[in-house]
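>>> this one's sequence-less:
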């Protein structure tokens with residue numbers, strides 16, 4: 001076999017292989033097409049069978065599940081409420097005790113809380129130059145007194161001699177002038193001694209009224225100027241409290257009017273009488289009212305907080321829980337969510353007063369309407385809800 005014959009056989013074999021592979025591929029493609037047609041036919045037949053076997057109406061969508069919420073009925077707002085204003089009991093008679101002259105505080109026989117009577121010694125001051133001046137004035141007066149007596153005797157003698165014509169009138173006038181001069185000097189010395197004694201008495205600070213020492217403002221050894229307070233004295237037997245009230249409430253009170261005060265730990269009313277009333281000059285518009293306890297005896301002490309209650313008329317329609325405004329989102333404008341025929345509705349309200357855990361508001365809501373106070377989230381209008389018992 002030559003080389004060319006071999007090449008012809010390989011070519012022929014190769015051609016047959018190609019032909020065989022092409023025929024197999026066409027056969028496989030035909031099988032795939034047949035299977036696709038068969039599956040489609042079965043699907044059509046299955047759907048037709050299902051439709052023919054179902055005799056009822058078409059299925060409907062499921063109803064939404066109501067959202068559970070907590071709701072309470074709307075209550076009517078009261079016509080008026082008792083509004084409390086706070087103050088602090090203080091002594092009605094109180095004073096800052098100060099010396100009238102300057103000096104060094106030498107003694108202070110009282111301490112904080114000491115009860116004193118009117119006229120008791122509270123402090124004693126020293127003035128370094130006061131005692132020497134007083135002693136000098138007394139010494140000068142003591143020296144002038146015998147000189148004045150001697151000059152007066154001389155004057156009597158000179159007048160007797162002048163009456164007998166033994167001496168001239170000029171000599172009598174000279175002796176009389178000496179007497180007048182000595183008498184004037186003695187009066188000045190005695191006045192200086194008296195002034196020094198009075199000043200020494202002013203160095204002793206006494207209680208202007210009975211009371212208790214509330215505050216200590218100076219210690220022994222401190223220098224005090226004239227009028228500088230050394231302590232604060234108050235009378236605990238007369239107590240009062242000051243309140244700042246709105247003009248509308250203060251207009252109902254005048255000096256002499258009766259008022260009831262209450263302690264924070266004692267619910268019993270304490271009778272009091274309005275003593276002072278003055279307009280607020282600080283620009284706040286509040287009126288200053290001072291009420292004194294009718295009976296300050298007992299356990300009430302200065303510094304104790306007290307409360308005065310006044311009836312205040314209200315302008316509001318309904319009473320709503322504070323939680324109802326939070327459940328509606330808590331953003332302006334103020335709104336609440338209500339339950340109407342099982343669904344959520346939203347209403348605008350106008351808050352007027354805050355009373356504890358409730359809001360007194362103007363709203364077009366009937367008394368008894370259900371307002372939502374708690375929900376899983378801020379519910380949109382129209383949401384189906386179920387009120388929890």
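Thanks, I have it. All figures in this text were calculated on a predicted structure; none of them were measured in a lab.
>>> any idea which helix or strand carries residue 88?
Assessed by DSSP states H and E, residue 88 sits inside strand 80-91.
>>> And the following helix or strand past that strand, what's buried?
Of the helices and strands lying after strand 80-91 in sequence (DSSP H and E), the nearest is strand 94-97. Across strand 94-97, burial judged by 16 or more other C-beta atoms under 10 Å covers 94-95, 97. C-beta: built from backbone N, CA, C; applies to glycine.
>>> what residue ranges in the stretch 151-300 of the chain score low on pLDDT?
For the stretch 151-300 of the chain, applying pLDDT under 70 flags the ranges 198-199, 280-284, 296-299.
>>> Which parts of it are strands?
Per DSSP state E, counting those that start in this stretch, the stretch 151-300 of the chain carries strands over the ranges 204-206, 211-216, 223-224, 231-234, 239-245, 258-263, 266-278, 287-293.
>>> Would you reformat those as CSV and include mean neighbour count?
Putting these into CSV (neighbours: other C-beta atoms under 10 Å) gives the following:
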stretch, mean neighbour count
strand 204-206, 17
strand 211-216, 18
strand 223-224, 16
strand 231-234, 22
strand 239-245, 21
strand 258-263, 17
strand 266-278, 14
strand 287-293, 21
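>>> Out of those strands, flag the one nearest residue 382.
strand 239-245 (48.2 Å; C-beta to C-beta).
>>> for the closest one, packing partners?
Counting by 3 or more C-beta pairs under 8 Å, 6 or more residues apart in numbering; DSSP states H and E, the packing neighbours recorded for strand 239-245 are strand 80-91, strand 266-278, strand 287-293, strand 305-313.
>>> ok, and the closest non-adjacent residue to residue 78?
Sequence neighbours aside, residue 314 is the residue nearest to residue 78 in space, at 6.3 Å (criterion: C-beta to C-beta, 6 or more residues apart in numbering).
>>> Just read off the phi/psi values of that neighbour.
phi -120, psi 150 (degrees, to the nearest 10).
>>> separation between it and residue 358?
Distance of residue 314 to residue 358, given as C-beta to C-beta, to the nearest Å: 12 Å.
>>> For residue 110, which phi and psi angles does the backbone take?
phi -110, psi 160.
>>> doesn't residue 116 make contact with it?
Yes. Residue 110 is within contact range of residue 116, at 6.3 Å (criterion: C-beta atoms under 8 Å).
>>> all helices of this protein, in order?
Applying DSSP state H to the chain gives helices spanning 3-53, 130-163, 169-202, 247-250, 322-327.
>>> mind listing what's buried in the fourth one?
Same thing as helix 247-250. Residues of helix 247-250 classed as buried by neighbour count (16+ other C-beta under 10 Å): 249-250.
>>> on contacts alone, who are the packing partners of it?
Using 3+ C-beta pairs under 8 Å, 6+ apart, helix 247-250 is in contact with strand 287-293, strand 305-313.
>>> hang on, the earlier thing: list the residues that contact both of residue 110 and residue 116?
Shared contacts of residue 110 and residue 116 (C-beta atoms under 8 Å, 6 or more residues apart in numbering): 122, 213.
>>> pLDDT weak spots in the stretch 1-150 of the chain?
If you take pLDDT under 70 as the line, the stretch 1-150 of the chain has these spans: 1-62, 129-131, 133-134.
>>> how about 90 then?
For the stretch 1-150 of the chain, the stretches with pLDDT under 90 are 1-65, 77-85, 88-95, 100-103, 112-113, 115, 125-144, 147-148.
>>> ok, back up a step: so what angle separates the directions of the strand holding residue 88 and strand 239-245?
140 degrees (axes from the mean of the first three to the mean of the last three C-alpha atoms, to 10 degrees).
>>> Can you tell me the strand partners of strand 80-91 and which way each runs?
Strand 80-91 has the following strand partners under DSSP bridges: strand 239-245 (antiparallel), strand 305-313 (antiparallel).
>>> Make a markdown table out of the ones you listed and add distance to residue 341.
Below are the strands paired with strand 80-91 laid out as a markdown table (distance: least, C-beta to C-beta, whole Å):
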| stretch | distance to residue 341 |
| --- | --- |
| strand 239-245 | 48 |
| strand 305-313 | 36 |
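>>> Nearest to residue 215, out of those?
strand 239-245 (17.1 Å).
>>> chain center to that closest one, what's the gap?
15 Å (C-alpha atoms, centre = their mean, to the nearest Å).
>>> cool, stretch 333-343 as well?
36 Å.
>>> ends of it, how far apart?
One end of stretch 333-343 sits 21 Å from the other (C-alpha to C-alpha, to the nearest Å).
>>> List the buried residues of that stretch.
334-339.
>>> ok, residue 339 - contacts?
Residues near residue 339 by C-beta under 8 Å, 6+ apart: 69, 71, 345, 370, 372, 385, 387.
>>> Done for today, thanks.
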